[in-house]
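A.B. asks: how would this look folded up:
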Amino acid sequence: MSTLSSLALLSRLSISAWTARKKDQKITREVNAAHGARRDAGQYNKVLISKARLAGIQRSDSALREYHNAQTLPWEADGIRIIPNVAVLAYEAKVRELIAAREQEVRAFLSGYPDAILEARATLNGMFDAADYPSRQELASRYSVTLALSPVPDGRDFRADLPDEVLDRMREDVDARGREAMAAAMRDVWERLYKVVAAIHNRTKRAPGTDGAGFQDSLIGNLADLLDLLPSLNLSKDPGLDALAAEARARLLVDPKVLKNNTTAREDTARASRDILRRMAAYCGPMADDKPTTTEEAA
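C.D. replies: Purely as a prediction, here's the structure:
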């Protein structure tokens, strides 16, 4: 059986940005005093730059995090995730593309920074303090994105000048953590599939005759995106997961327009998604947080 270290790398995506907020000590004291509150009862944070000015950067940051989390699996350390070897090249290329788009947004913000300060002066009025605003050069240094890939620890690679029995225990500990991480990663993949199938089920299981108004195209799109990812995320090559993914592709990837307008199609999809959820429970146990509620359960 392949070890996690032979199948994947660790990926750390670090994003830093200026918060554009600042605690105003004077206003904080005034507000607390006005309400007879203790000095540490609360604090007043000024919004230094309008949200509209920062929206492009924030959208880019969200796109980076969402892509990173979708393409990777959980690891034991915060901020670090697992990227399957087979997906590394495409993953790196897309992250670099998203970083470039983010850098463009940062440049646009910095270009308009003097005007943004003038806007803030008018908005904050008596609360405006020029000292709250870093220079453009300093501000540029606060925006960065780094992607670091590293090997998954493997007990076979452990070297140290220690007694053999100590080294053996440490190697076993490293390998045990790798096995636990593999199990957690696969549990995450199962949960992802379960959640998107449950979402489809809970939206299509409406009582007979209920129309499809409000049916979101993203329900089917989310499943399609996940099914495209599953071959690389299935690190343990679980045949059960492959089989259920194939069934979901065959039975649930229905044109959203059809589901919106065709009662029979919605009912068929509800039954298909219920069947898949039941089989998933047989493979990996029930997932209570996402258990669908339906009048069809006794069927």
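
A.B. asks: Could you tell me how many residues sit around the nearest residue to residue 82 once chain neighbours are set aside?
C.D. replies: Spatial nearest neighbour of residue 82, excluding adjacent residues (Cβ to Cβ, 6 or more residues apart in numbering): residue 73 at 4.3 Å. All C-beta atoms are positioned from the backbone trio N, CA, C, and that covers glycine. By other Cβ atoms under 10 Å, 24 other residues sit near residue 73.

A.B. asks: ditto for residue 146
C.D. replies: Neighbour number of residue 146 under other Cβ under 10 Å is 10.

A.B. asks: Verify the assumption that it is located in a helix.
C.D. replies: No: membership of residue 146 in a helix is not supported by DSSP: H, G, I helix; E, B strand; the rest coil, which gives strand.

A.B. asks: What separation do you get for it and residue 230?
C.D. replies: Distance of residue 146 to residue 230, given as Cβ to Cβ, to the nearest Å: 28 Å.

A.B. asks: same check, this time on residue 264
C.D. replies: 28 Å.

A.B. asks: swap in residue 4?
C.D. replies: For residue 4, the distance to residue 230 equals 18 Å [Cβ to Cβ].

A.B. asks: Show me which of those two is the more surrounded one.
C.D. replies: Neighbour comparison, residue 4 and residue 230: the larger count goes to residue 4, with 26 against 19 (by other Cβ under 10 Å).

A.B. asks: from what I can see the more buried one touches residue 176, true?
C.D. replies: No: the pair residue 4 / residue 176 is not scored as a contact, 11.4 Å apart, by Cβ atoms under 8 Å.

A.B. asks: Spatially nearest residue to the most centrally placed residue in the chain (excluding sequence neighbours)?
C.D. replies: Closest to where the C-alpha atoms of the chain average out (Cα atoms, centre = their mean) is residue 69, at 3.8 Å. Leaving out its chain neighbours, the residue that sits closest to residue 69 by Cβ to Cβ, 6+ apart is residue 81, at 7.3 Å.

A.B. asks: Where does the residue lying closest to residue 20 once chain neighbours are set aside sit: helix, strand or coil?
C.D. replies: Ranked by Cβ to Cβ, 6+ apart and with sequence neighbours excluded, the top spatial neighbour of residue 20 is residue 49, at 4.3 Å. Counting by three-state DSSP, the backbone at residue 49 sits in coil.

A.B. asks: and the gap between residue 49 and residue 274?
C.D. replies: Taken as Cβ to Cβ, the span from residue 49 to residue 274 is 49 Å.

A.B. asks: Same check on residue 281?
C.D. replies: Taken as Cβ to Cβ, the span from residue 281 to residue 274 is 11 Å.

A.B. asks: now do residue 176
C.D. replies: Taking Cβ to Cβ, one finds residue 176 at 38 Å from residue 274.

A.B. asks: Residue 178 too?
C.D. replies: 36 Å.

A.B. asks: Equivalent analysis for residue 225, please.
C.D. replies: For residue 225 relative to residue 274 (Cβ to Cβ), the value is 22 Å.
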